[in-house]
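Enquirer: Whatever this is, show me its structure:
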Amino acid sequence: MTVLNWEKLVGSSLRKFLYILSGKRKKLLLLASLFLTTSILEAFGIGLIGPFIAIATNPNLIYQNTWSSWLYENLGFNSNNSFIIFFGLSVVAVLWVKSLLGFSVQRLSFALGFGHQADLRSQLMTSYMRAPYTFHLSQNTASLIQNLLNETLVFAN
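Expert: Presented below is the predicted three-dimensional model:
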């Protein structure tokens, strides 16, 4: 598959996907930005673990690093131990906020997915019920309803 065909396929699929999610685009954008924020907080929190361990094992590093010495002086710490405790609690707080945000994003994601699944099923069932009587006579309605339920489940997941 060439790059041009791939771009057409992705663009076409994305347009169809956004058409189906027409009423929920703002929630989708919010969800994507929350995913990004969660990832940034996780990277930041994990990135702080190394400096915390370095400062905890060698407190003299507080004065050698410009950021830590600036924080130490401007926040008014009077001992290395209090700064190390503050730094450790800050790392824990960042990771805790990340976990809380991650849980909230996961809940929002499930609510959005299952809510949209219900809306989509309702719309499709309404269209099915409004079909002409001759359509119902010529089709296997049990397989149509089963297909409707299965396909909306696949899409929502």
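Enquirer: Which residue ranges of this structure form helices?
Expert: 3-20, 25-57, 61-64, 66-74, 80-129, 133-138, 141-156 (DSSP state H).
Enquirer: what would the ones you listed look like in JSON lines with mean pLDDT?
Expert: Output for those, formatted as JSON lines (pLDDT from 0 to 100):
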{"stretch": "helix 3-20", "mean pLDDT": "64"}
{"stretch": "helix 25-57", "mean pLDDT": "90"}
{"stretch": "helix 61-64", "mean pLDDT": "90"}
{"stretch": "helix 66-74", "mean pLDDT": "89"}
{"stretch": "helix 80-129", "mean pLDDT": "89"}
{"stretch": "helix 133-138", "mean pLDDT": "79"}
{"stretch": "helix 141-156", "mean pLDDT": "82"}
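Enquirer: Tabulate the ones you listed in TSV, adding columns for mean neighbour count.
Expert: Placement of C-beta: from N, CA and C, glycine included. Formatted as TSV, the helices of the chain follow (neighbours: other CB atoms under 10 Å):
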stretch	mean neighbour count
helix 3-20	10
helix 25-57	14
helix 61-64	14
helix 66-74	13
helix 80-129	14
helix 133-138	9
helix 141-156	13
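Enquirer: Quick check: closest non-adjacent residue to the spatially most central residue of the chain.
Expert: Central residue of the chain (CA atoms, centre = their mean): F35, 3.1 Å from the mean position. Of all residues not flanking F35 in the chain, V105 sits nearest, at 6.1 Å (CB to CB, 6 or more residues apart in numbering).
Enquirer: who touches the closest residue to K98 other than its chain neighbours in this structure?
Expert: Nearest residue to K98 in three dimensions, chain neighbours excluded: L41, at 3.9 Å (CB to CB, 6+ apart). L41 sits next to 94, 97-98, 101 when contact means CB atoms under 8 Å, 6 or more residues apart in numbering.
Enquirer: The residue nearest to F35 touches S33, doesn't it?
Expert: No - assessed by CB atoms under 8 Å, V105 is found out of contact with S33, at 9.8 Å.
Enquirer: hmm, back to that, output the contacts of L41 in JSON lines; the columns should cover distance to G88.
Expert: Formatted as JSON lines, these follow (distance: CB to CB, whole Å):
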{"residue": "V94", "distance to G88": "11"}
{"residue": "V97", "distance to G88": "15"}
{"residue": "K98", "distance to G88": "16"}
{"residue": "L101", "distance to G88": "21"}
